[in-house]
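K.L.:
Sequence and predicted model, in that order:
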Amino acid sequence: MFTDTELDDLIRRCQHEERTAQAALYRQFSGVIFGVCLKYARNYEEAQDHLQDGFLHAFAKIKQFGFKGSFEGWLKRLVINRILLSYRKKPYFEIVQDHDYDEINVDFDVEQIDLQLDDLLELVQELPDRYRLVFNLYVMDQYSHQEIADLLDITVGTSKSNLSRARASLKQKIEAIREKKNNSAVGLGRNASGFTS
């Protein structure tokens, strides 16, 4: 862990393309940035690709960091933008424009979900790209719908619609998991009550 002064010094050395400083900066932030990449990726391998690409891009752009605000925040935004760009370049990626926006009212609070973080992450990764990206930008990283619309080149209505559909899909998946757990618990209870020695 670096002090603010040590981190500033490390960043300046990275701005002068010192390899040892780049390696140290990577070690310092790769864990938190990999967490960001995992949220936006479809799987672990894709997240690793985003991590490597994100840091290469960050080192190419690090001279633009002006020491105003958090370096970690700057790095996260840079990596997220890079990930979004990579999806927009892929031929299969398409954001469906929902001109007739009708928000699906879904009572869904990430903080109140009774799931392990890894399980929730897996469910988010299963969402179609257009839903996963909007969900993560809005719910996890607190972007506004206008910011999401600008980043993904969609309308605000499309952003809202994709978010609602992502929430509805996640709610359905979570309810299916809960039902499966409840059925398993009922089955275990029956087995236990029917057990004879």
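P.N.:
Looks like it came in fine. Just so we're clear, the structure is a prediction, and the values are computed from it rather than from any experiment.
K.L.:
For residue 119, give me the pLDDT.
P.N.:
The pLDDT attached to residue 119 in the predicted structure is 82.
K.L.:
Secondary structure element holding the residue nearest in space to the middle of the chain?
P.N.:
Most central residue of the chain, judged by C-alpha distance to the mean C-alpha position with CA atoms, centre = their mean, is residue 39 at 2.6 Å. In this assignment (DSSP states H and E), residue 39 forms part of helix 19-40.
K.L.:
Run through who's touching that helix.
P.N.:
Helix 19-40 has contacts (CB atoms under 8 Å, 6 or more residues apart in numbering) with 1-2, 7, 10-11, 13-14, 44, 47-48, 50-51, 54-55, 59, 72, 75-76, 79-80, 83-84, 121, 124-125, 132-133, 136, 140. Yep, even glycine has a C-beta here, placed from its N, CA and C like the rest.
K.L.:
Which of those residues fall in strands?
P.N.:
When these are checked against strands (DSSP state E), there are no matches.
K.L.:
Now restrict those to buried residues only.
P.N.:
Burial by neighbour count, 16 or more other CB atoms under 10 Å: within those this picks out 7, 10-11, 13-14, 47, 50-51, 54-55, 59, 75-76, 79-80, 83-84, 121, 124-125, 132-133, 136.
K.L.:
buried residues in the helix ranked longest in the chain?
P.N.:
If each helix of the chain is counted by residues according to DSSP state H, the longest one is helix 156-193. Within helix 156-193, the residues that qualify as buried are 157-167, 169-170, 173-174, counting by 16+ other CB under 10 Å.
K.L.:
Which of those residues sits closest to residue 148?
P.N.:
residue 159 (4.4 Å; CB to CB).
K.L.:
quick one: that closest one and residue 129, what's the gap?
P.N.:
Computed as CB to CB, to the nearest Å, the residue 159 to residue 129 distance reads 14 Å.
K.L.:
Residue 157 and residue 149: what is the separation?
P.N.:
9 Å.
K.L.:
same deal with residue 46?
P.N.:
Separation of residue 46 from residue 149 (CB to CB) stands at 24 Å.
K.L.:
Out of the two, name the residue with the larger neighbour count.
P.N.:
residue 149 (19 against 16; other CB atoms under 10 Å).
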